[in-house]
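Asks: With the input below, show me the fold.
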Amino acid sequence: MRIHFISIGGSVMHQLAIALHKKGNEVTGSDDEIFEPAKSNLEKEGLLPKQTGWYPDKITKDIDAVILGMHAKEDNPELLKAKELGLKIYSFPEYIYEESKRKKRIAIGGSHGKTSTTAMLMHVLKENHLDFDYLVGARLEGFAQSVNITDAPIIVCEADEYPASTLEKRPKFHFLFPHIAVLTGIAWDHINVFPTFDFYLEQFKIFIDKIEPNGILIYNETDEVLKNLVEENKRNDIRYQPYHLPNHSIENGKTIIEIEGVSAMLKVFGNHNLLNLNAGYFVCKELGIDAQHFVAEIATFNGAAKRLEQIFENENTIVYRDFAHAPSKVKATIDAVKQQFPERKIIAVLELHTYSSLNEKFMQQYHGSMNSADVAVVFYASHALELKRMPPLPKAAVVAGFSKDDLQVMNDKNELISFLKNQSYNNSVLLLMSSGDYDGLDIQQFLKENFINI
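Replies: Sure, this is the predicted structure:
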């Protein structure tokens, strides 16, 4: 097939382009900006556009499919040409479904824990030698790319609730039609897209309605919002499998789990990870993997990048970085670290970087989320507000929203660096939570320069 990508430089779009190229398709693409690592990845496969920008002449009648990325606008000249020629135009998830119509489809949804649950599941399936395709939103150890499309009989998808494309405003996870669906929990996010909680909640109800007949919904029954949604919208043509925390204990900073009488020590920790793990187990059970084989392999799972990822340790200090930015994720991450290391001082530094997290009206959603931290800092760059064309966010509103009297709020990168340099790190954990980069702070370089003698 001839496939053209409008906005090929996206973090997931370029991975799909590479996967389809490797499958034997003729792939082309365009974008007005392409950053690393997408640029190098595309260049390595011979898919990097010769010039940046949009070129309607690339859109010809012999193209079988146009895949439209979120970065492209409705007036994109290549998109207008494709519509004029009557070509088949797909959003990313719509095309994933086209490629997986004859596969067993597994979709991992929820406001938090999607990536970790998907990563755990992929790790166990790989170690048990199952043949499967996948779509996941992070770099994972043992997987060359984050999207793979082959002729495998199974596909595992991280199922995002964000809009599919500029033409298709419905959430991505409405287009996957899973046979096995997972919902990890519901906590209001993306307020620029879902202005009310009820509207956000409705998207998950629709996702449940999209499960294939005779399929199964595996859901976190400890999440009251999700539990109520499921119980109020029961279908008679699918099965339901609730899950909760598995049996576990913590010994010397290590977590030991037990599932159906089989136990092992884990490399990951925290109640949120244990819940994700149990969701993964029930998916594996549906695929014929028993507790013994699941536990043996989950014990070797190191975690996904930026999901409570340990990036430094010496005799005094452990440093973790985490993608947490939404209120529920922030609370779960800090609570997990406090539970795992009750005798250590927890220094938590959160960057507000997303549209929702920088919105003054959203601050109350963070109420109490950093209470478990011994030292808590919220950082946000004025530059980030300017880029998103948002009004200034008063520090007082942040303190009031988080409702933590000793919370420190910072706007300047140099102030943050000074704070980090002057902390006492004896018997401590430094937890860095952000979906951004602290206004360009090179964390690894900072650790190398400042922690070597701490």
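
Asks: which residue sits farthest out from the middle of this structure?
Replies: Taking C-alpha atoms, centre = their mean as the measure, the residue most remote from the mean C-alpha position of the chain is K61, 36.4 Å away.

Asks: and it, what does it touch?
Replies: Neighbour list for K61: L85, L87 [criterion: C-beta atoms under 8 Å, 6 or more residues apart in numbering]. No exception for glycine: its C-beta is placed from N, CA and C like everyone else's.

Asks: oh, and call the first residue 31 from now on, that's how I've got it
Replies: Yep, numbering from 31; the last one is K91 now.

Asks: what are the C-alpha coordinates of the lowest-mean-pLDDT helix or strand in the chain, in PDB please?
Replies: The helix or strand of the chain with the lowest confidence, counting by mean pLDDT, DSSP states H and E, is helix 412-417 at a mean of 83. Provided in PDB are the C-alpha atoms of helix 412-417 (Å, rounded to 0.1, in the frame of the first residue of the first chain):
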ATOM      1  CA  SER A 412       6.400  31.700  32.900                       C
ATOM      2  CA  HIS A 413       7.700  30.600  29.500                       C
ATOM      3  CA  ALA A 414       5.300  27.600  29.500                       C
ATOM      4  CA  LEU A 415       2.300  29.900  30.200                       C
ATOM      5  CA  GLU A 416       3.400  32.200  27.400                       C
ATOM      6  CA  LEU A 417       3.700  29.300  24.900                       C
END
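
Asks: picking that back up, look up how far Q475 lies from the residue farthest from the centre of the chain.
Replies: Distance of K91 to Q475, computed by C-beta to C-beta, to the nearest Å: 51 Å.

Asks: Just the element for the spatially most central residue of the chain, please.
Replies: Most central in the chain under C-alpha atoms, centre = their mean is T145, positioned 4.4 Å from the mean C-alpha point. Taking DSSP states H and E as the definition, T145 sits inside helix 144-157.

Asks: that older thread, pull the contacting residues for the residue nearest to the centre of the chain.
Replies: T145 makes contact with V166, G167, A168, E188, A334, R337, F353, according to C-beta under 8 Å, 6+ apart.

Asks: and what of K257?
Replies: Y249, N250, E251, P272.

Asks: Could you export those residues as a markdown table, including distance to K361?
Replies: What follows is the contacts of K257, written out as a markdown table (distance: C-beta to C-beta, whole Å):
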| residue | distance to K361 |
| --- | --- |
| Y249 | 20 |
| N250 | 15 |
| E251 | 19 |
| P272 | 22 |
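
Asks: now those: which count as buried?
Replies: Restricting the contacts of K257 to buried positions leaves Y249, N250, with burial counted as 16 or more other C-beta atoms under 10 Å.

Asks: Just the contacts of K257: which are in strands?
Replies: Residues of the contacts of K257 located in strands (DSSP state E): Y249, N250, P272.

Asks: Quick check: nearest residue in space to L304, chain neighbours excluded?
Replies: Excluding its sequence neighbours, the residue lying closest to L304 (C-beta to C-beta, 6 or more residues apart in numbering) is L275, at 5.3 Å.
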